[in-house]
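> turn this into a structure:
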Amino acid sequence: MASYLPTLPPIAPVRRIRYLIFLKDVLILACTAFGGPQVHLALMLERFVAKRRYLTEAELLELNALCQILPGPTSTQTITALGFKIGGPNLAYLTLIVWALPSVLIMTLAGIGIYYVQQNSISLNFTRFIQPMAVGFLIVAGYRLARKVIQNQIDIVLATVSVLVAYAFPSPYITPVVLVAGGFATAFFYKKQEIMEKAPFRIRWANFFLWIGVLIAAATVGAVTKWLPLRLFENFYRNGSLVFGGGQVLTPMLYNEFVEFKHYLSRQEFLSGLAIVQVTPGPNFSFASYIGLLSMRNDGLSGQLLGGFAATAGIFLPGTFLIFFVYRFWNQLKRYRAVRASLEGINAASTGLTASAAISFFQPMSENWTSVTVVVLTILLLEFSKIPPYLLIIAGLFLGFLV
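This next block holds a predicted model:
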């Protein structure tokens, strides 16, 4: 892989300090950013734009829109691309590791804990308030994002249509269709965009071929050897190469493959892990660590850790390779007015997808007055108090232990 990672020149002390400050900011977000990509975007705007001024709000929204139309974890690709922008590929890989590590460690420990709980018949009812709280987080994040990106009647129409389509056709493959359609709709209004001088395209294909090569090699070798860790890597690498739109889209894909089809996990184990990942800061794709670990529960602790590592590498690598490939010529691509105009529609459609996900998550709990109360209280506390989100989560867990 070294051939694809150009060596940076010696880093000046001031630049090194800047990189360390950036990685510290990433670690703070990794430990406090609950609630999925929409919440992550709001926190990135607050820390990276308003506080540190690494880039402008428009640049971050552009970058996030680009990552939404690529397969892979949206917030992870966004923050990795930001590391690339600030310090090149080496800083980008460090950014990925710092961003993912806390949640991966938590979900790895969760997998070990669930296995222990299962062996000792201990109740998991203490997580009962967490799912409605996660819905509250999602609703607030969608509302805050909509306030930033919904600017006119066309955006309102696109967001509304996106809600209806995504709700009527609850398939993970509808996400890229909705996003591309939204971008296509606003691309026609390109004349409103400022004319920029175009630069010739210089596409470097190395990371694209790396993405394809790893996929083919893992599938081939895994089929021949039938070694479970390699097969897990291929399974998650394939899912990471196909999923658009974040963890809420990945969840049904993983459920169908690892519960319904392969029976690596029971339904209860899967849902318990899903509840835990809702209270875990950082990328929701760390759910893969939990699934990979329990998929190798019969191979001892070392085998479980190997399964978790294989799943983690598989789910995060494809999106990283793809954003490295596209970001290198993104500055040239966005000089075209139609491309910049399409980002407005993509952002509007994204708010609709967020609303649809919130409706889907809320509907099963709408008849439970306790869950509805928790959702409403979470929304009110997030909007009208200064209580940090992670403290709300801790309070929810504590209340679950008490009740």
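> what does stretch 44-53 contact?
The contact list for stretch 44-53 (C-beta atoms under 8 Å, 6 or more residues apart in numbering) reads 21-22, 25, 28-29, 54-57, 60, 75, 78-79, 82, 148. Using the backbone N, CA and C atoms, a C-beta is placed for each residue, glycine as well.
> one more time with 6 Å, if that's ok
Contacting residues not belonging to stretch 44-53 are listed as 25, 54, 57, 60 [C-beta atoms under 6 Å, 6 or more residues apart in numbering].
> could I get the CA-only coordinates of the one helix or strand residue 141 maps to as PDB?
Using DSSP states H and E, residue 141 sits within helix 130-149. C-alpha atoms of helix 130-149 as PDB (Å, rounded to 0.1, in the frame of the first residue of the first chain):
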ATOM      1  CA  ILE A 130     -31.600   4.500  24.400                       C
ATOM      2  CA  GLN A 131     -33.400   3.800  21.100                       C
ATOM      3  CA  PRO A 132     -36.100   6.500  21.600                       C
ATOM      4  CA  MET A 133     -33.300   8.900  22.600                       C
ATOM      5  CA  ALA A 134     -31.500   8.100  19.400                       C
ATOM      6  CA  VAL A 135     -34.700   9.000  17.500                       C
ATOM      7  CA  GLY A 136     -34.700  12.400  19.300                       C
ATOM      8  CA  PHE A 137     -31.100  13.000  18.300                       C
ATOM      9  CA  LEU A 138     -31.900  12.100  14.700                       C
ATOM     10  CA  ILE A 139     -34.900  14.500  14.600                       C
ATOM     11  CA  VAL A 140     -32.900  17.400  16.000                       C
ATOM     12  CA  ALA A 141     -30.000  16.800  13.700                       C
ATOM     13  CA  GLY A 142     -32.300  16.700  10.700                       C
ATOM     14  CA  TYR A 143     -34.000  19.900  11.700                       C
ATOM     15  CA  ARG A 144     -30.700  21.700  12.300                       C
ATOM     16  CA  LEU A 145     -29.300  20.500   8.900                       C
ATOM     17  CA  ALA A 146     -32.500  21.600   7.200                       C
ATOM     18  CA  ARG A 147     -32.200  25.100   8.600                       C
ATOM     19  CA  LYS A 148     -28.800  25.400   6.900                       C
ATOM     20  CA  VAL A 149     -29.500  23.800   3.500                       C
END
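> which parts of that helix are buried?
For helix 130-149, the buried set under the neighbour-count rule, 16 or more other C-beta atoms under 10 Å, comprises 130-146, 149.
> which residues does it contact?
So helix 130-149 is contacted by 35, 38-39, 42, 275, 278-279, 347, 351, 354-355, 358, 361-362, 365, 371, 374-375, 378-379, 382, 396 (C-beta under 6 Å, 6+ apart).
> now stretch 94-114
Residues contacting stretch 94-114 (C-beta under 6 Å, 6+ apart): 23, 26-27, 30-31, 79-80, 83, 272, 276, 280, 282-283, 286, 289-290, 293-294, 308, 312, 320.
> of all the residues in that stretch, which ones are buried?
So stretch 94-114, judged by 16+ other C-beta under 10 Å, has buried residues 94-96, 98-104, 106-108, 110-112, 114.
> out of the residues you listed, which are inside helices?
94-96, 98-104, 106-108, 110-112, 114 (DSSP state H).
> okay, the residue nearest the centre of the chain: pLDDT?
Note on the chain: the residue nearest the mean C-alpha position is residue 73, at 3.7 Å, using C-alpha atoms, centre = their mean. Note on residue 73: pLDDT of 85.
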